[in-house]
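>>> Structure for the following, please:
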Amino acid sequence: MFPSVHRRPICSISARAVRLQCSSASREAHSAAHVKSGPVAWLGGSVGQLLTWLHKAGEGAGGVGKKKKDGLLTILANHCSFVTGQRLRRAFQIAELYSNLYSERTRWTLVGSIWRRLQGRHSQAGKLVAALAGVFMWEDEKIRDDEMRRCVWELEALDTVKKQAAVTGRGNPTQAETGWEIVIEKKTFKVWRRPIEGSHLFEYRVFGSYTDITPRQFFNVQLDTEYRKKWDALVIKLDVVDRDLNTGSEVIHWATHFPYPMYSRDYVYVRRYDVDLENNLMVLVSRAVEHPGVPESQDFVRVRSYRSRMVIRPHKSFDENGFDYLLTYSDDPQTVFPRYCLSWMVSSGMPDFLEKLHVAALRAKNLE
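Coordinates of the predicted model:
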């Protein structure tokens, strides 16, 4: 009664149908990358490239057979591409839902929680995902409390050595600490250095005092990136590229001139500061990091090893003139010059920088 309909084999249908479906999924995922914005915008571009790669891989694998263009590997690649597209559309929907329900800070807290779980179970895979996604993981790179406390311990250790030197009558109080040698001695500060183990570089320590500016002025001048662009002629670029709302930490991109004939250098570092009212101290710690938002440029030589720790102790209060400070500093400027040349550059450049910092603090005081 009803005319029969000729049926094609299932396998011959699936190859074309799956290819059409996966192509549609690829196009939808790729177009979603251009339409979506916000915290998931980066996902679309990477996904589109991934789906294109899978499709090309499938076509290449099918071409190996030369006779069967729609081979098994082609079908498999197309099927994976289709499933990936479906799941990514679902991920876009979920991300859009959370972006509408929660604030930016809550979303990043959620991402951090998921990251910690991934890190505990699949640390290497989690790091790879973060790197591919272009996400800076504050949980791994942040300056921790023990790094902040170390500054205070160094200042206390120096005080102890100075007291011992006063009792024994020794001329150089830091000789009691292993490896340190004094290289500069001026009225307002002294500079020591010691070799970094396994390296041709030195670590430097500066202990100084000022009586004509307040601790808060000296501290704020170092934190104010816009003001430094005015008083430091060596600065080429100095920008805050990222912030951690939980700790107040910041990621800074700093590009600076180096003495001729060296190329200019740039630093990417995280910094954290704290005003300890209980112990009457100010602490500022910086350390070099890698940030996906600041890739290397041909215009500068990237300095990858950099540490700076400063603690400021007022003579009376934060807003009265007079304080002591202790600065511990080291970096690798990526030069081929011998050690004595680097030592000379630091020995001559550091006093100049400290004097400019002092003058900038005095000018800030006059502008208040």
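>>> mind listing what's buried in the longest strand seen in the chain?
Using DSSP state E to define each element, the chain has its longest strand at strand 265-276. Within strand 265-276, the residues that count as buried by 16 or more other C-beta atoms under 10 Å are 265, 266, 267, 268, 269, 270, 271, 272, 273, 274. (Glycine included, C-beta is placed from N, CA and C.)
>>> which outside residues touch the following helix or strand past it?
Downstream of strand 265-276, the next assigned helix or strand under DSSP states H and E is strand 281-288. With C-beta atoms under 8 Å, 6 or more residues apart in numbering as the test, strand 281-288 has contacts from 143, 147-148, 151-152, 155, 215-216, 219, 222-223, 252, 267-276, 303-313, 318, 331.
>>> and strand 281-288, average pLDDT?
For strand 281-288, mean pLDDT rounds to 95.
>>> could you dump that strand to PDB, C-alpha only?
C-alpha atoms of strand 281-288 as PDB (Å, rounded to 0.1, in the frame of the first residue of the first chain):
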ATOM      1  CA  LEU A 281      56.300  49.700  60.800                       C
ATOM      2  CA  MET A 282      55.800  50.000  57.100                       C
ATOM      3  CA  VAL A 283      56.700  47.100  54.800                       C
ATOM      4  CA  LEU A 284      57.000  47.000  51.000                       C
ATOM      5  CA  VAL A 285      58.000  43.700  49.200                       C
ATOM      6  CA  SER A 286      58.400  43.200  45.400                       C
ATOM      7  CA  ARG A 287      59.300  40.100  43.400                       C
ATOM      8  CA  ALA A 288      59.500  39.400  39.600                       C
END
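>>> Tell me where the stretch 151-300 of the chain has helices.
215-223, 225-231 (DSSP state H, counting those that start in this stretch).
>>> Let me have those helices in JSON lines, extended by distance to residue 359 and mean neighbour count.
Listed next are those as JSON lines, based on distance: least, C-beta to C-beta, whole Å; neighbours: other C-beta atoms under 10 Å:
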{"stretch": "helix 215-223", "distance to residue 359": "10", "mean neighbour count": "20"}
{"stretch": "helix 225-231", "distance to residue 359": "7", "mean neighbour count": "14"}
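>>> CSV please, covering these and showing mean pLDDT and distance to residue 78.
CSV is the format used below for those (pLDDT from 0 to 100; distance: least, C-beta to C-beta, whole Å):
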stretch, mean pLDDT, distance to residue 78
helix 215-223, 95, 55
helix 225-231, 94, 51
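>>> Turn those helices into TSV, including distance to residue 256.
Listed next are the helices of the stretch 151-300 of the chain as TSV, based on distance: least, C-beta to C-beta, whole Å:
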stretch	distance to residue 256
helix 215-223	15
helix 225-231	10
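>>> Out of those helices, flag the one nearest residue 322.
helix 215-223 (8.1 Å; C-beta to C-beta).
>>> who does that closest one touch, helix- and strand-wise?
Counting contacts by 3 or more C-beta pairs under 8 Å, 6 or more residues apart in numbering; DSSP states H and E, helix 215-223 is packed against helix 225-231, strand 265-276, strand 281-288, strand 306-314, strand 323-331, helix 339-367.
>>> In its sheet, which strands sit next to the longest strand of the chain, and in what direction?
Neighbouring strands of strand 265-276 in its sheet, by DSSP bridges, are strand 250-256 (antiparallel), strand 281-288 (antiparallel), strand 301-303 (parallel).
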